[in-house]
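Participant: here are the coordinates; sequence isn't available:
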Ligand code: KIV
């Protein structure tokens, strides 16, 4: 089904709700630095997520847990300088909002003030109610994240599909409605059955953005390094790779090494 696309000069949280209402799918991608964010923004991606997946793809950690608030702010401010159209959403990292709601608000304020981002994202449902409420009360837009929430990986034990059992599916549906009622402007659903994700999307009026959650939701998000094939060891079923940059970049860099060794580079035209 093709839907007439409205031209947006600048995406806001309101634009996303409007897209859901008109049936226009929302595109969201991660970025963590200025150069990548420039490309992503110029390609008309609606939302740039400064994800705590920076902990994996930028810093090389096994999980998202080690990244700090200062590091997230550094990534976010680089992305904000590049984005002229996209809405920039920043993950509040693990340990910066779970212990109490005042700390959550302080973390969200630091992100907004020091990076210039437009919204924050947090993982979890009813258990982080007080934190979400307090951040929203300060006028900061909040995106939720349910399903496979990587900050809880040690509770889950594996990165397999979540909410396959009725009890967990039920809680996820309740959490989504709860986050909507609190005032979240959108929710990411990660790695859950497509049927459940569609049911959630149809039961709330805020946009549901999926990653490994099928096509029945309001938008899609991927990690940009995965989409471009810069990462090559991570191969979940939900990932569509549009390039194989791991190979292409490796070949280009090997060629450079050969050219230096063989004295082909630099030639006369490349010298002063
Ligand atoms: O950190 C991240 O990149 C994310 C996406 C996978 C949704 O949270």
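Facilitator: Perfect, thanks for sending it. The shown structure was predicted, so the numbers you read here are calculated from the model rather than taken from an experiment.
Participant: Could you see whether the ligand lies near the helix or strand residue 55 falls within?
Facilitator: Element membership of residue 55 [criterion: DSSP states H and E] is helix 54-57. No. Helix 54-57 is not in contact with the ligand by CB under 6 Å from any ligand atom; minimum separation 7.4 Å. (Glycine included, C-beta is placed from N, CA and C.)
Participant: helix or strand right after that helix?
Facilitator: With DSSP H and E, the next secondary element past helix 54-57 is helix 69-82.
Participant: So what does the closest residue to the ligand within the stretch 51-200 of the chain have for phi and psi?
Facilitator: Relative to the ligand, the nearest point of the stretch 51-200 of the chain is residue 51 (2.4 Å; CB to the nearest ligand atom). The phi and psi values for residue 51, taken as degrees, to the nearest 10, are phi -80, psi 150.
Participant: Contacts only, for it.
Facilitator: The contact partners of residue 51, by CB atoms under 8 Å, 6 or more residues apart in numbering, come to 30, 32, 64, 91, 121, 223.
Participant: and if you look at residue 109?
Facilitator: Here residue 109 is in contact with 138, 140 (criterion: CB under 8 Å, 6+ apart).
Participant: could you redo the last one with a cut-off of 7 Å?
Facilitator: Residues near residue 109 by CB atoms under 7 Å, 6 or more residues apart in numbering: residue 138.
Participant: Pull up the gap between residue 232 and residue 239, please.
Facilitator: According to CB to CB, to the nearest Å, residue 232 stands 11 Å off from residue 239.
Participant: Considering only the contacts of residue 51, which also neighbour the ligand?
Facilitator: Okay, of these touching the ligand (CB under 6 Å from any ligand atom), that's 30, 91, 223.
Participant: any idea whether the residue positioned nearest the centre of the chain is helix, strand or coil?
Facilitator: The centroid of the chain falls nearest to residue 49 when counting by CA atoms, centre = their mean (3.8 Å). When classified by DSSP: H, G, I helix; E, B strand; the rest coil, residue 49 comes out as strand.
Participant: can you pull the contacts of it?
Facilitator: Per CB under 7 Å, 6+ apart, neighbours of residue 49: 28, 30, 89, 121, 221.
Participant: just residue 10 next, same as before
Facilitator: Residue 10 touches residue 85, counting by CB under 7 Å, 6+ apart.
Participant: which SS class is it?
Facilitator: Once three-state DSSP is applied, residue 10 turns out coil.
Participant: cool, residue 120 as well?
Facilitator: Under three-state DSSP, residue 120 comes out as strand.
Participant: all numbers from here: first residue = 55
Facilitator: Happy to do that; since the first residue is 55 now, the last one works out to residue 174.
Participant: May I have the beta-bridge partners of it?
Facilitator: residue 144, residue 196 (DSSP bridges).
Participant: my guess is it contacts residue 164, does it?
Facilitator: No. Using CB atoms under 7 Å, residue 174 makes no contact with residue 164, being 10.2 Å away.
Participant: could I get the contacts of residue 105 as JSON lines with distance to residue 63 and pLDDT?
Facilitator: Converted to JSON lines, these look like this (distance: CB to CB, whole Å; pLDDT from 0 to 100):
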{"residue": "84", "distance to residue 63": "23", "pLDDT": "99"}
{"residue": "86", "distance to residue 63": "25", "pLDDT": "99"}
{"residue": "118", "distance to residue 63": "33", "pLDDT": "98"}
{"residue": "145", "distance to residue 63": "26", "pLDDT": "98"}
{"residue": "175", "distance to residue 63": "24", "pLDDT": "98"}
{"residue": "277", "distance to residue 63": "27", "pLDDT": "98"}
